[in-house]
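Enquirer: Predicted model and sequence follow; I will ask about them next.
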Amino acid sequence: HYAAAQKQAEPAVLQPTPQPKDDFQEELVVRPLHSGDIYASFQFRTLWETDFMRGNKVSHYRLFPKSLGQVISKFSVRELHISFTQGYWRTMQWGQPYLPSPPGAELWVWFQDSVTDVDATWKELTNVLSGIFCASLNFIDSTNTVQPSASFKPLGIGNVTDHRFLRYATLPREIVCTENLTPWKKLLPCGSKAGLAVLLKSEKLFHSSFHSQAVHIRPVCQDWQCKTTSWELRQTLNVVFDLHNSGQGKREWSLFKMFSRTLTEACPLASSSKIYIDITDNPEQFELSPATSLLSQAMVLGDRRTFSVYDLTQQDTFGSVRSLNLLIRWKSTEGDMLRPLLHAERYVAGYGLQTGEIHTLMYNHHPYRSFPVLLLDSVPWYLRLYIHTLTVTSKGKDNKPSYIHYQPSKDRVRPHLLEMLVQLPPNSVTEVTVQFERALLKWTEYTPDPNHGFYVGSSVISSLVPSTVAMDTNSTRERPLFSSFFPCKEESSYFVRVYTEPLLVNLPTPDFSMPYNVICLTCTVVAVGYGSLYNLLTRSFQIEEPSPGLAKRIANVIRKMRGVPPL
Amino acid sequence: MSGLPGFLIDDRLHFPSCPSQGGQRFLVEMAAPLTLLLVLAVTIRAALFRSSLAELIAERVEVVSPITAWKRVVEGLALLDLGVSPYSGDVFHETPLIIYLFHFVVDYAEITFMLDIKTTLTFTDLSLMLFQFRKQKFALEADRYPLDCLELIRSPKEMYYIPLKVAMFYLLNPFTILSCVAKSTCGLNNAVVALFIFSTIKGNTLLSAIFLCLATYQSIYPLTLCAPAMLYLMQRQYIPVNFRRASFWWFIAQYLFMYLGSLFVLICLSFFLLGSWDYMPSVYGFILSVPDLTPNIGLFWYFFAEMFEHFRLFFLCVFQINVFFYTIPLSVKLKEHPVFLIFMQLAVISIFKSYPTVGDIALYMAFLPVWSHLYRFLRNTFLVSCVLLACSTLFPVLWHLWIYAGSANSNFYYAITLLFNVAQILLVSDYFYAFLRREHHLTYGLYLKRKDGSEATLVLK
């Protein structure tokens, strides 16, 4: 169907009529990881200079998917971020991901401040998104929705930060599979017919260690003056292929090996279509074929990275065979991975089904700088947190959070929300512990496999981490001396969001097979109480007289009929 | 003896003059054993407080309920310190007055521990009063009862040790000790109820109403004690229980006015302390609708965990009405014996309330020595005491098997709660039976004869 879209595109180019301008870019970043695994990150960006708000009836869609456009205008969405992830990102092995996401489904939405009933809109929106993405987002209700006060700030323009218009929910149990990928691919202007999207074959993508697909919608500035806004839709897909599982143990990757496809063309609707290969860690140890002379440098996650670039819009990229199959081969396995400066993990301590303790460990690997992090925990109501047992310790000392936002749970209505701002001392581990009590639920409230346990969504740690570039004194040599004395703000720190593991917690269970028995037995006991008191209340003591014999009783009946006094 | 003269006799018995004199004598003579008892009780509690057992006991579901757990009070205080309303969550269910009380005395958390002593002293005093009252009753009534009934009536000598026994029963009851060491706020509720009974028996209408209102404010259920309090006070003031008398209605109106008035003041005070009505659903809604199904020794938790959703409301109503319902027939039957009625009501509440703990049981058990004259009519003391003892030891065992070892399931623990409650029901109905039987014998003589002169057996018909 992209051919039809192409036909539409031509008059837009030819005619100078003020068609709302839209633009599509696609990009693939491949980062060989030190473990021998490979990380591929797709980004598809659609920009559209239009205004969904102010009663504007937008009906002519070109590159921007109509289904999402309608969602934005109907529910007055200002920002929408949704991600589906299968597997857990191993920060210590793989470094920071370009776009972090927690296992399962995550959805956070900023609504326009014109929305009056945010909760109802949110409920409706989750149901609609559930249909669009074929996911169980309809299970998002008030019991797993929170309104973080500080952790999730709008990423687009606009300065309304009243968290009443923010809703955040995760479904840690959500399983991501082909049925979620297909509707996601359909949102692309070229579908999966051309461009980078041809690589997205589900049988390969889901045969991986980590798979995450996301949709981000936000308003961005149209130009540097920022007088008008455009809408940006970013579709991202991150995947990590395992060295042994997908790579047969050989440190040699190619597009074909990863995706069982090669590239033959860029998406015709795309204004830019590029592949970046991260060659920073060991530029001499890789062998890239076909080789490219195009290099690009960029600041990514606080580090200056070097990339080899392949531009798919250039015909000579595909060479004589009209097909691009990038090959990356390691010559040696030497070289160190830069340790991620911020890293977190979480586990449940304690035994038995009565109480427990959640431990969250946050590692600051920076050798000399301390930095603050925002920790967000959303715990379901059936784990009753005791906030007075909250302890934060670093290096054996009490580390008092400078900001705590705590919203206690309401049974069957809303979860606990705990947000804190904690300063992580340099080169340290900060441990946050909080005790909880496991509730006994009604028998209908358990999942079909209650002894599997209940999932608790990941903690979210958001932080501005001091950049490694600032740490590196060598980099100052290449720059003029006058530019390098004071640290430059842009380079000195970068934003990172780290998700911890979701937790799996067992709850005590009733016996599901005997509701009838329990009702009968308990009612019997109540009846015993009632009966014995009733007995004593209504009767009185009497002397037991021996009952007359049968003959005498018959005689008395006859005498009664005769009207004679009984014997 | 017909009903009316009996009533009149009862009326004349309440001379308020003597108790203080007798009380002084009692206190002088009983001072030594009572002090010893207090020292012993304090030592046990202090030792347990300092030991590692205290933490274990404070977690026991039999000892603390979601309402009375000290951990939850501390949580409420922590929330208050964080600037969050303690009632915005579902952890804290105490009344606002409690939270403000503990806000000031949280450093002296062992205050609950003192409350036990206070409760006991009240109980001792109370049984002392009862004992005085019975002594007079004995003196006055001795010639009016059938001769062979004399052995049914306690001699002053027998009654002499009752206050001490009551103190012992309350202070050394393992249930009380556990509840105290767990710092359960149940001790506080018990103290308020004890003070209510004390002021009622002293004949102080206003204090009685105020303490009853405090007890009701704390946990709704003591509302049913309204009836025995009014009956007792009317007896004391020679007001006949007669619906056609204006004096009867005047007294009821007076008492209810005092009661409802103080309740109104308390509720408004709570509102002004917090500035919101949040506490109403969080405290009373929580007690009545039983959303927290944490296992306890009561009948509610498993029943409502296993309940079919469309029957939930119906059974909730049935079970809650069940607690309040017994007030009317019991008051009619026991209208001349309000103190026994209080005992019955306390027992019914502690068995059928939504979140019972062992502390509630200890409260009505403290009354048992007062009814020592009923022992000869009790039918299954052995059975009941065995079952109660066995259940008390099985509770922690089966809990461990279910929650920690995983080798048993919830049914095991549930079965024990059922048995425990059956035993309590048997105990209470046995005492009720014995009481009614003794009353019958007091009227008709102890050794009853049939018409033909042979020895008769009494049956309930």
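Expert: Right, received. Where do you want to start? Numbers count the residues shown, from 1 in each chain, chains lettered A, B, ... in the order given.

Enquirer: Single out the residue in the stretch 101-250 of chain A that lies closest to chain B.
Expert: When distances are taken as CB to the nearest CB, the stretch 101-250 of chain A reaches nearest to chain B at A:Thr143, 12.1 Å away. Any C-beta I mention is one placed from the backbone N, CA and C, and that applies to glycine too.

Enquirer: Contacts only, for that residue.
Expert: Shown in contact with A:Thr143 (CB atoms under 8 Å, 6 or more residues apart in numbering or on different chains): A:Pro380, A:Trp381, A:Arg412, A:Val413, A:Arg414, A:Pro415.

Enquirer: B:Ser289 now?
Expert: With CB under 8 Å, 6+ apart, B:Ser289 has these contacts: B:Leu316.

Enquirer: again, only this time at 10 Å
Expert: By CB atoms under 10 Å, 6 or more residues apart in numbering or on different chains, B:Ser289 lies in contact with B:Pro281, B:Phe304, B:Arg312, B:Leu313, B:Leu316, B:Gln320, B:Ser354.

Enquirer: wait, A:Leu533 sits on B:Ile328?
Expert: No. Applying CB atoms under 10 Å, one finds A:Leu533 not in contact with B:Ile328, separated by 11.8 Å.

Enquirer: More neighbours: those two, which one.
Expert: More crowded of A:Leu533 and B:Ile328, by other CB atoms under 10 Å in any protein chain shown: A:Leu533, with 21 against 12.

Enquirer: Please, where are all the strands along the stretch 251-400 of chain A?
Expert: A:252-254, A:272-278, A:286-289, A:295-300, A:303-311, A:327-330, A:342-349, A:355-364, A:371-379, A:383-394, A:397-398 (DSSP state E, counting those that start in this stretch).

Enquirer: Buried ones from the contacts of A:Thr143, can you make that a PyMOL selection?
Expert: Burial among the contacts of A:Thr143 is assessed by 16 or more other CB atoms under 10 Å in any protein chain shown; the matching PyMOL selection reads:
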select buried, chain A and resi 380+381+414+415
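
Enquirer: filter the contacts of A:Thr143 down to the ones near chain B?
Expert: When contact is defined as CB under 10 Å from any CB of the partner chain, the contacts of A:Thr143 meet chain B at A:Trp381, A:Arg412, A:Val413, A:Arg414.

Enquirer: tell me the phi and psi of the last one?
Expert: Same thing as A:Arg414. phi -150, psi 160 (degrees, to the nearest 10).

Enquirer: I figured it was touching A:Ala169, is that so?
Expert: No. The pair A:Arg414 / A:Ala169 is not scored as a contact, 11.2 Å apart, by CB under 10 Å.

Enquirer: after the lengthiest helix in chain A comes which helix or strand?
Expert: Across chain A, the longest stretch assigned as helix under DSSP state H is helix A:515-538. Counting by DSSP states H and E, the next helix or strand C-terminal to helix A:515-538 is strand A:541-543.

Enquirer: Mind giving me the packing neighbours of that following strand?
Expert: Contacts defined by 3 or more CB pairs under 10 Å, 6 or more residues apart in numbering or on different chains; DSSP states H and E place strand A:541-543 against helix B:410-444, strand B:458-460.

Enquirer: who's in contact with residue 364?
Expert: Let's take chain A. A:341-343, A:370-371, A:373, A:394, A:423-430, A:463, A:465-466.

Enquirer: Wait, chain B was what I had in mind.
Expert: Counted by CB under 10 Å, 6+ apart, B:Tyr364 has contacts B:190, B:193, B:342-351, B:424, B:427-428, B:431.

Enquirer: Secondary structure element for B:Leu195, which one?
Expert: Per DSSP H and E: helix B:186-202 holds B:Leu195.

Enquirer: I'd like the distance from that helix to the chain centre, please.
Expert: Centre-to-centre, helix B:186-202 and its host chain are 9 Å apart (CA atoms, centre = their mean, to the nearest Å).

Enquirer: What residues does the stretch 451-567 of chain A have near chain B?
Expert: So far as CB under 10 Å from any CB goes, the stretch 451-567 of chain A lies against chain B at A:451, A:506, A:508-519, A:521-526, A:528-546.

Enquirer: how about low-confidence regions in the chain?
Expert: Just going to use chain A. A:1-20, A:53-56, A:281-284, A:333-336, A:469-491 (pLDDT under 70).

Enquirer: To clarify, I was referring to chain B.
Expert: In chain B, residues with pLDDT under 70: B:1-29, B:106-159.

Enquirer: Many thanks, have a good one.
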